[in-house]
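Novice: 3D model of this:
(one chain, ligands or ions: 1)
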Amino acid sequence: MKNLLTKVVSAALIGAMGLALAGCAGSSNKLTVEDGKLIMATNAFFPPYEFYEGDKIVGIDQEIAAEVATRLGLELEIQDVEFDSIITGVQAGKYDIGCAGMTVTEDRLKSVNFTTPYATGIQVIIVADGSDIADADALIAGDYTVGVQQGTTGDIYMSDEVGDDRVERFNKGADAVLALTNGQVDAVVIDNEPANAFVEANEGLVILDTPYAVEDYAMCLNKDNEELLNKINDALKAMTDDGTIAAIIEKYIPSNG
Ligand code: ARG
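Specialist: Here you go, the predicted structure:
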């Protein structure tokens, strides 16, 4: 009897604690980190999704996030940080969203929520003109080194396929490309649109026409903020339906037709 009573009491206590906790979360439940603002973390060396024009960060992600913010009655603030600190910062409640041409992956979904995807990316392989690397299989099978941006899906896939020893990690995609032009690495694995921009800006590089992986880009949010997630998804849906997203993407990636 005493045992049963203890059990009942502790169950009641745990229940009450749960309620108290839920109450706390409820009362501190702000829509955004700072009232009236939508704080976006990005890594702004990823054209045409984010890049500097003078001292302003512009690009597809900036324009989509700015329009989302407007529709939510918020002011967009952009913080340029290392790519691999975006998710931890969102988890820590420093930023409302990570918006950085960020690929939705199973693994990242364990740490953050993702909005509905708003764009597609493709991992491609950049090599020096005349390289004997013809495709991903050749890159993986040979004894080649690969440059990647630290913490990106290119890094994750390559580390997995060829092992740490053959992967050189750089803070910026552009630095990986520079290493390729210097002959420090044999290839770079990176998203197709920045790849196009980097190859255009550097002579003697080519993108292999064997795409490596197709991915969805979405914004990431703290798992505890479903309210903001829903609001952003509603805005993204409206912006898809009224053509806003297509127009923004077309502005930066003109479909030559
Ligand atoms: N799509 C890749 C990923 O999510 C690369 C994104 C890099 N983005 C950036 N802004 N530097 O891992």
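Novice: Could you pull up the contacting residues of residue 128?
Specialist: 180, 181, 183, 186, 204, 205, 206 (Cβ atoms under 8 Å, 6 or more residues apart in numbering). Using the backbone N, CA and C atoms, a C-beta is placed for each residue, glycine as well.
Novice: Model confidence for the nearest residue to residue 113 once chain neighbours are set aside, exactly?
Specialist: Leaving aside its sequence neighbours, residue 113 sits nearest to residue 221 (Cβ to Cβ, 6 or more residues apart in numbering; 4.9 Å). Confidence at residue 221, expressed as pLDDT, is 98.
Novice: can the contacts of residue 128 go into a markdown table with extra columns for neighbour count and distance to the ligand?
Specialist: Below are these laid out as a markdown table (neighbours: other Cβ atoms under 10 Å; distance: Cβ to the nearest ligand atom, whole Å):
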| residue | neighbour count | distance to the ligand |
| --- | --- | --- |
| 180 | 26 | 17 |
| 181 | 16 | 19 |
| 183 | 8 | 24 |
| 186 | 22 | 20 |
| 204 | 10 | 23 |
| 205 | 19 | 18 |
| 206 | 13 | 20 |
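Novice: Next, give me the two most distant ones among these.
Specialist: Greatest spacing in these, by Cβ to Cβ: 183 and 206 (14.9 Å).
Novice: circling back to that earlier point, wait, doesn't the residue nearest to residue 113 sit right on residue 227?
Specialist: No - in this structure residue 221 lies outside contact range of residue 227 using Cβ atoms under 8 Å: 10.0 Å.
Novice: who has more neighbours, the two?
Specialist: residue 221 (24 against 13; other Cβ atoms under 10 Å).
Novice: ok, now which ones touch the residue nearest to residue 113?
Specialist: Residue 221 makes contact with 90, 96, 97, 98, 112, 113, 114, 115, 228, 229, 232, according to Cβ under 8 Å, 6+ apart.
Novice: Let me know the closest of those residues to residue 38.
Specialist: residue 96 (5.3 Å).
Novice: Can you check what pLDDT the model gives the residue most central in space within the chain?
Specialist: Centroid-nearest residue in the chain, with Cα atoms, centre = their mean: residue 102, separated by 1.8 Å. At residue 102, the pLDDT value in this model is 98.
Novice: what's the spacing between it and the ligand?
Specialist: Using Cβ to the nearest ligand atom, to the nearest Å, one gets 4 Å for the distance from residue 102 to the ligand.
Novice: got the end-to-end distance for stretch 200-210?
Specialist: Length of stretch 200-210, first residue to last, Cα to Cα, to the nearest Å: 18 Å.
Novice: Check which residues of that stretch are buried.
Specialist: Across stretch 200-210, burial judged by 16 or more other Cβ atoms under 10 Å covers 205, 207, 208.
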